[in-house]
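# build me a structure from this.
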Amino acid sequence: MEHIIKNDIDIIINDRKNTPRTCVCFYFAIDEEEKISGTHGLFAKLLLQGTKTKDAKTLAQELENNCIDVSIKTKQDYLKISFLFLNEDFNLAMQYAKDILLNSTFKEFEKEKYKMKGEIQADLDNPRIMASDAFVKRLFKGHYYSNTASKTLEELDKIKPQDIFETHNKILNARKTISIAGDVQNPQELAQYFAINFEFMKSNKTKSKIPVYENFTPRNGKIEVLRIAKNDLNQAQLFQGFIVPNVGSDFYPKISVMNNILGSSGLSSRLFVELRDKQGLAYTVRSSYETLYKSAVFSFYIATEPKNIKKSLEGFEEELTKLANFEPNIDELNGAKENITGKLEYFSQTNSQLASIEGYNYLMGLGLNFSDKFINMINNVSAKDVSEAAKLILEKNSLICVLAPEKYINF
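From the prediction side, this is the model:
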């Protein structure tokens, strides 16, 4: 991997010899909170709806005819626009990239807003998504990260075309990076190309204005419960979550291994074995560790019969407490490490995956080759570290969110 700064443009290059397709990811940091929930998401949808030179239909047809795949992803902390194309079509693909990034007209504003509203409503008809949405919205109450789908649905009609143009301007003036993976013949020549043709990708070095969210206070015997009654459900949807240290903390690798042992490794995880196989409480049960730029969440999830809500919560605490009090054996520890590093290797195979991972890591301040550093961190985690991570989580405040028929929610 090579990192080149040319004309104040950060360019990360993964030279992958003899690969037929190149991926270029343009990353833009979201460093300011949305004034209206959903603005960033609507902006992302509008980017491919026509430019000053091509209407939406023409643009889509030309991209398809030239086998140029364009994908746009927006999350709480960043916007990513990826272009995947045959190596010989580099110049053509980058012409489209420049046109889309600079000259989008956002003319399909009302149409895309209407479609977005319908998509959100359809998603929220899913009980798991409904519960997850309510869980995240309450967990991050008062913070930008609480801008969930349901909040967007509430505020979507407030978004005006001017908000989209302002978002475009902010994106173009944000922290940025270009991440490339492909058969690169001359990295310096490639960097010079971007310096000449993509001057607007100069990276603003200002820091994020989004505040850190860290509710790290001890538990003090009080757990907040969010109850949502829905009487037509056969299964209760149950989440329990904790605000925990994020990727910049020494606890990051420790919590990652602990999470794998506890509930993220599928059939072999403790939650799966104990709550599903032995107690028959659910078909789906897991834990997860989601890291954001300014926070992180460790959570449990189970879909279970409503009568089993209390028993499931007791199961979560029992398994976490066991891991806090008794260190995992060497086989379980090594199995978790192999599972994590194996997944990382599996999801770093293609040029699209590599360009995406390296661009994200760099934009989030993790530096170059973070994946290699992370593997070393994971391999250095001890059994004692895993127990320490479990103890840390047991000391945190938690939020329980339950979606179930009304007669079952007062457990």
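# contacts and neighbour counts: CA atoms only from here.
Noted.
# what sits against residue 359?
With contact taken as C-alpha atoms under 8 Å, 6 or more residues apart in numbering, residue 359 is in contact with 12, 25, 27, 177, 178, 179.
# next, residue 72: phi, psi?
phi -130, psi 130 (degrees, to the nearest 10).
# that should have said residue 300, apologies.
Per degrees, to the nearest 10, the backbone of residue 300 is at phi -110, psi 150.
# what is the burial count for it?
The local packing of residue 300 (other C-alpha atoms under 10 Å) involves 24 other residues.
# let's see the pLDDT reported for it.
Note for residue 300: predicted pLDDT of 98.
# what about the protein, any weak spots by pLDDT?
Scanning the chain for pLDDT under 70 picks out 215-221.
# now for whichever strand or helix holds residue 152, which elements pack on it?
Secondary structure assignment for residue 152, by DSSP states H and E: helix 149-155. With contacts taken as 3 or more C-alpha pairs under 8 Å, 6 or more residues apart in numbering; DSSP states H and E, helix 149-155 sits against helix 109-124, helix 127-139.
# show the subsequent helix or strand relative to that helix.
Following helix 149-155 in sequence, per DSSP H and E, is helix 161-172.
# make TSV from the helices and strands packed on helix 149-155 and add mean neighbour count and distance to residue 16 to it.
Listed next are the helices and strands packed on helix 149-155 as TSV, based on neighbours: other C-alpha atoms under 10 Å; distance: least, C-alpha to C-alpha, whole Å:
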stretch	mean neighbour count	distance to residue 16
helix 109-124	15	37
helix 127-139	20	38
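# now render those helices as JSON lines, adding distance to residue 196.
Shown next, in JSON lines, are the helices and strands packed on helix 149-155 (distance: least, C-alpha to C-alpha, whole Å):
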{"stretch": "helix 109-124", "distance to residue 196": "32"}
{"stretch": "helix 127-139", "distance to residue 196": "43"}
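# of the ones you listed, which approaches residue 198 most closely?
Residue 198 lies closest, by C-alpha to C-alpha, to one member of these: helix 109-124, at 26.4 Å.
# which residues touch the closest one?
Everything outside helix 109-124 that qualifies as a contact, by C-alpha under 8 Å, 6+ apart, is 42, 45, 46, 129, 130, 149, 150, 153, 156, 161.
# again with stretch 366-381
Contacts of stretch 366-381 (C-alpha under 8 Å, 6+ apart): 1, 3, 248, 253-254, 256-257, 337, 341, 344, 358, 361-362.
# and the closest residue to residue 49 other than its chain neighbours, how many neighbours?
Excluding the flanking residues, the one nearest residue 49 by C-alpha to C-alpha, 6 or more residues apart in numbering is residue 56, at 4.4 Å. The number of residues packed around residue 56, counting by other C-alpha under 10 Å, is 18.
# which of the contacts of helix 109-124 count as buried?
Among these, the ones that count as buried by 16 or more other C-alpha atoms under 10 Å are 42, 45, 46, 130, 149, 150, 153, 156.
# the third one is in contact with residue 100, isn't it?
No. With contact defined as C-alpha atoms under 8 Å, residue 46 and residue 100 do not form a contacting pair (10.0 Å).
# surely residue 32 is in a strand?
No. Assigned with DSSP: H, G, I helix; E, B strand; the rest coil, residue 32 falls outside any strand and is coil.
# heads up, I number from 34, so please use that
OK, 34 is where the count begins now, so the last one is residue 65.
# distance of it from residue 134?
19 Å (C-alpha to C-alpha, to the nearest Å).
# about what we covered before: and the contacts of stretch 399-414, which two are furthest apart?
36 and 290 (30.0 Å).
# of those two, who's got more company?
residue 290 (28 against 14).
# the more buried one reaches residue 419, doesn't it?
Yes. With contact defined as C-alpha under 8 Å, residue 290 counts as touching residue 419 (6.7 Å).
# in the stretch 184-333 of the chain, which spans are strands?
209-215, 257-262, 269-276, 315-324, 329-337 (DSSP state E, counting those that start in this stretch).
# name every strand pairing with the last one and say which way it goes.
Yep, that's strand 329-337 we're talking about. strand 269-276 (antiparallel), strand 315-324 (antiparallel) (DSSP bridges).
# out of the ones you listed, which gets nearest to residue 126?
Nearest to residue 126, of those and by C-alpha to C-alpha, is strand 315-324 at 32.4 Å.
# on that earlier part again, I'd like to know which of the helices and strands packed on helix 182-188 is closest to residue 277.
Comparing the helices and strands packed on helix 182-188 under C-alpha to C-alpha, the one sitting nearest is helix 160-172, at 11.9 Å.
# now for the closest one, which elements pack on it?
helix 142-157, helix 182-188, strand 269-276, strand 432-437.
# so how far is residue 411 from the residue most central in space within the chain?
For the chain, residue 108 is the residue whose C-alpha lies nearest the centre (C-alpha atoms, centre = their mean; 6.1 Å). As judged by C-alpha to C-alpha, residue 108 and residue 411 stand 26 Å apart.
# same deal with residue 184?
37 Å.
# likewise for residue 238?
Residue 238 is 31 Å from residue 411, by C-alpha to C-alpha.
# who's more crowded, those two?
residue 411 (21 against 11).
# could you verify that that one is part of a helix?
Yes. Residue 411 forms part of a helix when assessed by three-state DSSP.
# what does the one helix or strand residue 124 maps to rub up against?
Secondary structure from DSSP H and E places residue 124 in helix 123-136. The contact list for helix 123-136, computed with C-alpha under 8 Å, 6+ apart, reads 55, 80, 81, 83, 84, 85, 101, 116, 118, 231.
# and the furthest pair within those residues?
55 and 85 (26.3 Å).
# who has more neighbours, the two?
Counted by other C-alpha under 10 Å, residue 55 and residue 85 do not tie: residue 55 has more neighbours, with 24 against 13.
# in the stretch 334-444 of the chain, which spans are helices?
342-358, 363-379, 384-396, 403-412, 416-427 (DSSP state H, counting those that start in this stretch).
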